[in-house]
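Participant: Provided below for reference: sequence and predicted model.
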Amino acid sequence: MLKLKLEALEHPAPNNVDVNDRKVFASTILWLEDQKIRQYKIEDRVDLRKVDRLDIWEQAYENYKEDLGMPQFQTPLEEITWLLGYAIRLEFLDSPDNYKTINSIEVSKEQNKSLAPSIQAENFFDNMDFNHKDFISGVRALANKLKVPHHSNHLIQLEAIARIVHERLSPSAKNRQAITGTPFPFEKGNDVVSDDPALDYPVRILRLLQIQSLRQLQTKINETIVAVQDLTANPKTDTKLGKVGR
Amino acid sequence: MVVRPYNEELKYLEKISDCCWRIKKEFQPNMKVEGCFYVNSRLERLMLEELKNSCRPGAVGGFLPGVKQIANVAALPGIVGRSIGLPDIHSGYGFAIGNMAAFDMNDPTSIVSPGGVGFDINCGVRLLRTNLFEKDVQPVKEQLAQSLFDHIPVGVGSKGIIPMNAHDLEEALEMGMDWSLREGYVWAEDKEHCEEYGRMLNADPSKVSLRAKKRGLPQLGTLGAGNHYAEIQIVDEIYDKWSASKMGIEEKGQVCVMIHSGSRGFGHQVATDALVQMEKAMKRDQIETNDRQLACARINSQEGQDYLKAMAAAANFAWVNRSSMTFLTRQAFAKMFTTTPDDLDMHVIYDVSHNIAKVENHIVNGREKQLLVHRKGSTRAFPPHHPLIPVDYQLTGQPVLVGGTMGTCSYVLTGTEKGMNETFGSTCHGAGRALSRAKSRRNLDYKDVLEKLEEMGIAIRVASPKLVMEEAPESYKDVTDVVDTCHIAGISKKCIKLRPIAVIKG
């Protein structure tokens, strides 16, 4: 306890305070008066400073206790404990607002953290129950609103919703230029799929999706090339070099 | 070589559909697989006449007829499926031009042949679109043709105007179109719309002779001579409206620019060097062929690997070449119309290679196999949803650019599923020669040819006019016949027809 209080007061060597060593005791009292309590003016602390001459110091300490109004104690430990408490109180009263927010819950949290670093849940979705009936009904309602076809697995439906939001409703999609040109009738391409429309139609859709993702990849590749070209390109022509025919 | 009377020869050929003929295994010795060729009635006559002429007693010299060449290729080790002749086929060195053949990569005896790629490695066609229309261009087409002619060096011995040193060349050979991108000559989207993304990753410039590099360095960014050209074209017909719209072609009258070029002297030297090496390899590995011109080496041999790496470097050279010319074309147009290439929407629609060998996966007899596909005068034509075609063309199939000859139409086709199954995803590449170069020179006068073009309202700029008759439309098969045959056979589908209004030639 003594050590904790010394730590709280930011004593330079809280582990090495032996109250039974009179000299150490004396210098700890002096440190408290100098740094924290400041009962006397600096010039009046002369006798308390004389820790090397315990006879003078003991007299000064008796006066000091009286001046502070310390109750009568039996042991030096009790005395120093009282003194530390007194100093902490003074420290607290200097600016009580600083300690307002500190309570046992906060402190225990702080301690737990230091003991076992727990992962702070940053994404609140992580703690969500995706199979809760409220969640499922939310997904279904959203799907109805966006006209996403029903799927028995609401999570797959949610993926489709996310895609629609990303492709059509996100700010970047809204600012995108409308595609101009003639629409490409995909159901009568040069490619042969199947005579069975039940097979033909979905295969064509899948292929279009594949082409779309390939197109995105190729566009990224082109963008990268253009970025590199900004650094490397320096096309030159020198018509003096030219020679036409023989 | 077996020489039989024409009537005897015909017994080995069988018409199996309206526009496809089968060449039976006994037609030439050692045929491992059958051959076939696609022709309509007019092209069929040309094809058989060629065979007939070669059966005449005393017919020696020159290339073998195309049919014989297809059959000889079918006798090469490791060939799978069929040796396929496309409608524009005509005789060439070893392989006919317009012949495609695939070899099994997992068969240790399979070969790679420089003759199956051709001397102009990665010769190909690139098509740029613009948002201009005929009415914008007609009044200024002469100036525009001149401006293009000033920007793009053309003709035999022409030199590029993009400064290049030996170190740049090494990097370009390794990086292909990525080099052009890094230096800022082309747009990121250009790479996306290019076969192989404009770079063969196995290219190794150290496998290329110093001589090839010396020939190639000054020629980078030049059009070259021969059948190479840059043309300003007008959309004349749209057969497949929605495929065309995917390519950014919305209406008739839209202006495009077609660039037909290859790897110039560089590729020629790479092929020549490889042929020398391969003759040695053939002796060592005891590879027998029906024709000395079919020099080849096992894919896994040192010579085979070296050739593939050097060929890839030459392919990269050709892509850098076409990219440089794309840059110059955009500059010429931007200056003419005092705007930017961006505002003219001068995007690359596609870039095809029609002289190349590539490793591809195909289904053979119901099983997936890794093949080395030789396409000489044949364009890859992959169907919709093939993973190797750009995402923008996943629904339409790969655009196939078929360049006509000077003054005739060009076509854009798309790849089909049927082509994937029948011809390893290959189709025609152009008109295909009907008369040899020498014959054209003898029979035609260059002045007549130029006059005729003028009559047709085509602005023309030529570096060496005296060679023009070699490339006159009369020297070629009718490209429309060729394209229609591919369309009817179903190995590719017609999409757009383009007609030229200005030609820049070597």
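Facilitator: That came through, no problem.

Participant: Just give me the neighbour total for B:Gly157.
Facilitator: 18 (other C-beta atoms under 10 Å in any protein chain shown). To be clear about C-beta, it is placed using only N, CA and C from the backbone, and glycine gets the same treatment.

Participant: What of the one 3 residues further on?
Facilitator: Neighbour count for B:Gly160, taken as other C-beta under 10 Å: 25.

Participant: Point out where chain B drops to low pLDDT.
Facilitator: B:1-2, B:59-61 (pLDDT under 70).

Participant: change it to 80
Facilitator: Residues of chain B meeting the criterion pLDDT under 80: B:1-3, B:57-62, B:157, B:466-467.

Participant: for chain A, same thing?
Facilitator: Using pLDDT under 80, chain A drops low at A:1-2, A:99-128, A:172-195, A:237-246.

Participant: now the helices for chain A?
Facilitator: For chain A, the helices defined by DSSP state H occupy A:2-8, A:22-32, A:46-49, A:54-68, A:76-94, A:104-115, A:133-146, A:154-164, A:171-174, A:197-232.

Participant: before we move on, what about the stretch 151-300 of chain B?
Facilitator: B:166-175, B:177-183, B:188-192, B:210-216, B:241-246, B:264-285 (DSSP state H, counting those that start in this stretch).

Participant: From the chain's centroid, how far away is the third one?
Facilitator: For helix B:188-192, the distance between its averaged C-alpha position and the chain's averaged C-alpha position is 21 Å (C-alpha atoms, centre = their mean, to the nearest Å).

Participant: Mind checking if it is in reach of chain A?
Facilitator: Yes - with C-beta under 8 Å from any C-beta of the partner chain as the measure, helix B:188-192 is seen reaching chain A through B:188-189, B:191-192.

Participant: ok, of those, which one's closest to chain A?
Facilitator: Nearest to chain A among the residues of helix B:188-192 next to chain A, counting by C-beta to the nearest C-beta, is B:Ala188 at 4.0 Å.

Participant: host element of B:Val503?
Facilitator: Per DSSP states H and E, B:Val503 falls inside strand B:492-505.

Participant: For that strand, what is the distance to the chain centroid?
Facilitator: 15 Å.

Participant: same check, this time on stretch A:26-41
Facilitator: On the basis of C-alpha atoms, centre = their mean, stretch A:26-41 sits 41 Å off its chain's mean C-alpha point.

Participant: can you pull the buried residues of it?
Facilitator: Under the neighbour-count criterion of 16 or more other C-beta atoms under 10 Å in any protein chain shown, stretch A:26-41 has A:26-33, A:36-37, A:40 buried.

Participant: How about whichever residue of the stretch 1-150 of chain B sits closest to chain A: what's its closest non-neighbour residue?
Facilitator: For the stretch 1-150 of chain B, the residue closest to chain A is B:Phe149, as judged by C-beta to the nearest C-beta, at 7.5 Å. Residue nearest to B:Phe149 in three dimensions, not counting chain neighbours: B:Arg461, with 3.9 Å by C-beta to C-beta, 6 or more residues apart in numbering or on different chains.

Participant: Are we agreed that that neighbour is in a strand?
Facilitator: Yes - B:Arg461 sits within a strand when classified using DSSP: H, G, I helix; E, B strand; the rest coil.

Participant: who are the neighbours in contact with it?
Facilitator: Residues near B:Arg461 by C-beta atoms under 8 Å, 6 or more residues apart in numbering or on different chains: B:145-146, B:148-149, B:154, B:502-505.

Participant: what's the burial count for B:Asn355?
Facilitator: 29.

Participant: thinking it is in contact with B:Val125, fair?
Facilitator: No - checked against C-beta atoms under 8 Å, the pair B:Asn355 and B:Val125 is beyond contact range at 11.1 Å.
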